[in-house]
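A.B. asks: structure of the sequence below:
(chains A, B and C)
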Amino acid sequence: MTLTGSTGIHQESRAPRADARLFAGIADPGYAAHLATFGPLNFAVIGSELVAELERSGLTGRGGAGFPAGQKSRAVLLGSARGWTPSSVVIANGAEGEPRSLKDSTLLRVAPHLVIDGLLASARALGASKMYLYASGAGLEFVRHAIAERKDARGIRLVEAPDTFVSGEASAVVNSIENGVALPKDRVVRLTTSGLRRRPTVVHNIETLAHVALIARYGAGWFRAAGTNGDPGTRLVTVSGSIVAERVLEVPGDQSVREILAACGCAENNVGAVLVGGYHGAWLGRAQLGTPLSAAALAPYGAHPGAGVLYVIGAEECGLRISADIVRFLATESARQCGPCMFGLPEMANILNRIAVGQKDRSLRRELESLMGSVIGRGSCHHPDGTARFVASTLRTFSADVEAHFTGHCVRCHGI
Amino acid sequence: MNEAMWAFGRVSGIVSLILFTVTLLLGVLTRSGRPLPGLPRFSISLIHRNTSLLALVFLVLHVGALMLDSYAHLSIADIFVPFLGTYKPFWQGLGTVALDLVIAIVVTSLFRRRIGARAFKVLHWFTYAMWPIALAHAIGNGTNGTSRFFLLFAVGSVAVVLAAVVWRMSSRFIESARAREKAIH
Amino acid sequence: MSPTPSHQTLHIDWTKCDGRGLCTELIPDLLERDKWGYPVARKSAPADRSNVDVAYTRLEAAREAVELCPLLALSLGPVRQT
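C.D. replies: Just a heads-up that it's a prediction; the model follows:
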């Protein structure tokens, strides 16, 4: 299936296999190998119909929020259709603030040209006048090298992202590029209406853009050939924690957590729980490992694929202690601009820690729940919301542990 | 007539200084975010603003009366440019400096929505400079400046303002200080 | 016949708010206060407590809150979908 406006050269049979798409070219990240693996992409013929193709593909953002990629771009097109708007900006967001995620840095290392292609294609589709790539210093080095290999990417401006948790938040990305401060800003209008220097701005995760680069070549139908109707395409996941070695793999949509762990050689009876989605995600207990890694399947557990993070803890590890450490981390990573987050998160960390070390005070649970309710929605970004969601999931999945701790025992490790 | 102008000029100056002193104290109270019995926070904020405007009115009367008084020899330039005057140029100059600061502070306060919170805040900090300068001007320049009553009043004002400033810098100054400290240890 | 004047949205800019509490005094039916001093929207859904729906009858009081906020953390605007 070819896409009107694409090169039309590559037939579907030459497109990458279902389970190795973004990683089809990892043997050689160079430009020549990239062209040999995926074929060229004629940017000159790309126009706004790419947005329609993205909508048909069902591609959702791979940065954590999972917002439909086509919809984001469509918002910019609709805005300009309503009247004159300044030309738009496309930002490739590679700031991997999630400590348990390695997929973005890996992608920049093994397939920078896919990211660049996706950025160029998106900019063409929207008629954007400016393109930015925002990533860590190390990641930018790979990108710089890749840009030097080709002639069409000189217009991409590279901006270094600090190594903080909130640096990848969309308004923080724009703030960082505009003012050098990678902190979220209060937003009254959406970025797609008014973002970087008041221009309509689209911020896409770099993995999302890599998928865009392939959809621009092979079309929405090809994209949907992997995964399922509800979760089409593939995604990158980072598996880390109590396993032999942390890995980044590409998996089709709706693949179960169990299968992904098996592909990493993880013995299921050693698994205590799996944190899905990152530090703003949710825990799955061992009984729930059959759950597919998709938004729809994870929703009943209060979870979401997020940035494709799977963090495994062993059967002997105390989930409460680990969770308390995570909340402590999230508290220190607060931008400290908004009161409820600045004060609420450290207080939640304190209370969860007291539960984790075995303080036999049942009122702590109620206090924690009350704090969770108090911070949600009261900040300029979703850091407090994500943290509250994580704490809620901790109390749910490890409720037996919480009860045990209140009676002075830890069911995982021996003694507290 | 001149005597009356001169007297009125001095009195309105003293009244203005008293009102600015009260304004400063109310400003510190406003910043603490604490109410008073019977006076909610928003009332304190409004009274602080109104007192400052009243002080400004008396300041205008003070300057106006002295301009009309032939003895003071005040010209328009003297009002805005300090240290040009012929009568006690240094002490009068301090008055001009204080007046310039007041104008800047009041204007930025009136337009704070337009200039933004940061610019407003920076200018407002100058009130801590404006007040002692105004007091020094009153002591050095005024005919009653060094009289016993006035010096007593001056010492009293300094004591009160100093107490307010010490309170301003204390760790439990704002109302929710304790709860906030407890949260972040 | 012109439409009846409807409600507006009071937006809280948390990056500016310092929990001074003047707004919670002026529109206590819409905003209460947490223990650190910050406003809590009473009637909004939990996920959206940065935007408070202000009925026509409370617009005047809300405008005062906007004007008096020491940090300029409040703004009033047409009803927005978030």
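A.B. asks: which positions in chain A make contact with chain C?
C.D. replies: A:184-186, A:188, A:337-341, A:343, A:373-374, A:376-380, A:385 (Cβ under 8 Å from any Cβ of the partner chain). Placement of C-beta: from N, CA and C, glycine included.
A.B. asks: SS state for the closest residue to chain C within the stretch 51-200 of chain A?
C.D. replies: Using Cβ to the nearest Cβ, the single residue of the stretch 51-200 of chain A nearest to chain C is residue A:186, 4.2 Å away. With DSSP: H, G, I helix; E, B strand; the rest coil as the basis, residue A:186 sits in coil.
A.B. asks: surely it and residue C:14 touch.
C.D. replies: Yes: under the criterion of Cβ atoms under 8 Å, residue A:186 makes contact with residue C:14 at 6.6 Å.
A.B. asks: what sits in contact with each of the two?
C.D. replies: residue A:380 (Cβ atoms under 8 Å, 6 or more residues apart in numbering or on different chains).
A.B. asks: just to revisit the earlier point, quick one, which of the residues of chain A next to chain C are buried?
C.D. replies: Burial by neighbour count, 16 or more other Cβ atoms under 10 Å in any protein chain shown: within the residues of chain A next to chain C this picks out A:184-186, A:337-341, A:343, A:374, A:376-380, A:385.
A.B. asks: among those, which ones lie close to chain B?
C.D. replies: Contacts with chain B within those, as defined by Cβ under 8 Å from any Cβ: residue A:343.
A.B. asks: so which of the residues of chain A next to chain C belong to helices?
C.D. replies: A:339-341, A:343, A:373-374, A:385 (DSSP state H).
A.B. asks: what's the closest of these to chain B?
C.D. replies: Distances from chain B to these, taken as Cβ to the nearest Cβ, are shortest for residue A:343 (4.0 Å).
A.B. asks: let me see the contact set for the closest one.
C.D. replies: Each residue near residue A:343 by Cβ under 8 Å, 6+ apart is listed here: B:179-180, B:183-184, C:36.
A.B. asks: now do 7 Å
C.D. replies: Residues near residue A:343 by Cβ atoms under 7 Å, 6 or more residues apart in numbering or on different chains: B:180, B:183-184, C:36.
A.B. asks: how far away is it from residue A:44?
C.D. replies: 54 Å (Cβ to Cβ, to the nearest Å).
A.B. asks: ditto for residue B:158
C.D. replies: Separation of residue B:158 from residue A:44 (Cβ to Cβ): 76 Å.
A.B. asks: which one's more surrounded, these two?
C.D. replies: Using other Cβ atoms under 10 Å in any protein chain shown as the criterion, residue B:158 and residue A:44 rank with residue B:158 on top: 14 against 9.
A.B. asks: quick check: the more buried one vs residue A:280, distance?
C.D. replies: According to Cβ to Cβ, residue B:158 stands 54 Å off from residue A:280.
A.B. asks: now the helices for chain B?
C.D. replies: Secondary structure of chain B (DSSP H): helices at B:2-32, B:41-68, B:76-80, B:89-110, B:112-115, B:117-125, B:127-141, B:148-169, B:177-184.
A.B. asks: mind checking the SS state of the residue sitting nearest the centre point of chain C?
C.D. replies: Geometric centre of chain C, nearest residue: residue C:10, 3.8 Å, by Cα atoms, centre = their mean. Following three-state DSSP, residue C:10 is assigned to strand.
A.B. asks: do the same with residue A:104
C.D. replies: helix.
A.B. asks: good, wrapping up.
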